Each structure stands twice: as structure tokens, then as C-alpha cells.
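Asker: Sequence and predicted structure below; questions after.
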Amino acid sequence: MSSTDHLLDTTGLNCPLPVLKTKKKVKELAVGDVLTVIATDPASVIDFAHYCHVSGNILLSSDEENQVFTYKIEVVSR
């Protein structure tokens, strides 16, 4: 199965907007696609871990550099 990479920039947005925009974007993607989300909200670390756990999508990675958070999510469930 091949995947397609997508990018969603939520910088400057605070909880719950980064996750809400991610949920909306995931509905547009195909199973197997990978969504990279960029965020600046420190609470997003907890929010994205919880979102992936509840939604069934896979949090492939979670990184932080200079207060910018990057999440890679594999779409398993829309």
C-alpha cells in the first residue's frame, strides 16, 4: 500500500483548534496517508497523543524544536 504525505500548518492556534483542524483534514485523506501537523501550542503534545489513541490513527512521531511541534500521523481511521 502506498501512502501520500500531506502537511497541515496550525502554528499560532491554541487548543483545541490544532486537533479540530487535524480531525477535519483526516476526513479528506485516504487510509494509509501520512499527515504532518506543525503546531506551536505546548498543550498539543497531550492533545495529539490523546487524539490518536481515541481515533485509532497512528502517531508515527512527535518532535519539538524551538517550541515548534511536529507530528506525523498515519491515517488508519477516518
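Answerer: Looks like it came in fine.

Asker: mean confidence score for the lengthiest helix in the chain?
Answerer: As assigned by DSSP state H, the longest helix anywhere in the chain is helix 44-55. Taken as a whole, helix 44-55 has a mean pLDDT of 97.

Asker: For that helix, buried residues please.
Answerer: Neighbour-count burial for helix 44-55 flags S44, D47, F48, Y51, C52, S55 (criterion: 16 or more other C-beta atoms under 10 Å). Every C-beta, even on glycine, is put in place using the N, C-alpha and C of the backbone.

Asker: Check stretch 12-20 too.
Answerer: For stretch 12-20, burial by neighbour count (16+ other C-beta under 10 Å) applies to L13, P18, V19.

Asker: so how far is the longest helix of the chain off the chain centroid?
Answerer: The chain centroid and the centroid of helix 44-55 are separated by 8 Å under C-alpha atoms, centre = their mean, to the nearest Å.

Asker: go on, stretch 63-78?
Answerer: Once both centres are worked out by C-alpha atoms, centre = their mean, stretch 63-78 turns out to sit 5 Å from its chain's centre.

Asker: From start to finish, how long is that stretch in a straight line?
Answerer: 23 Å (C-alpha to C-alpha, to the nearest Å).

Asker: what inclination does the helix or strand that contains F69 have with respect to helix 44-55?
Answerer: In this assignment (DSSP states H and E), F69 forms part of strand 68-74. Per axes from the mean of the first three to the mean of the last three C-alpha atoms, to 10 degrees, the angle that strand 68-74 makes with helix 44-55 is 10 degrees.

Asker: who does strand 68-74 touch, helix- and strand-wise?
Answerer: Under the contact definition 3 or more C-beta pairs under 8 Å, 6 or more residues apart in numbering; DSSP states H and E, strand 68-74 sits against strand 34-39, helix 44-55, strand 58-65.

Asker: where in this protein is pLDDT low?
Answerer: Low-confidence segments of the chain (pLDDT under 70): 1-3.

Asker: re the thing from before, among the buried residues of stretch 12-20, which one sits closest to K72?
Answerer: Among the buried residues of stretch 12-20, P18 lies closest to K72 (C-beta to C-beta), at 14.2 Å.
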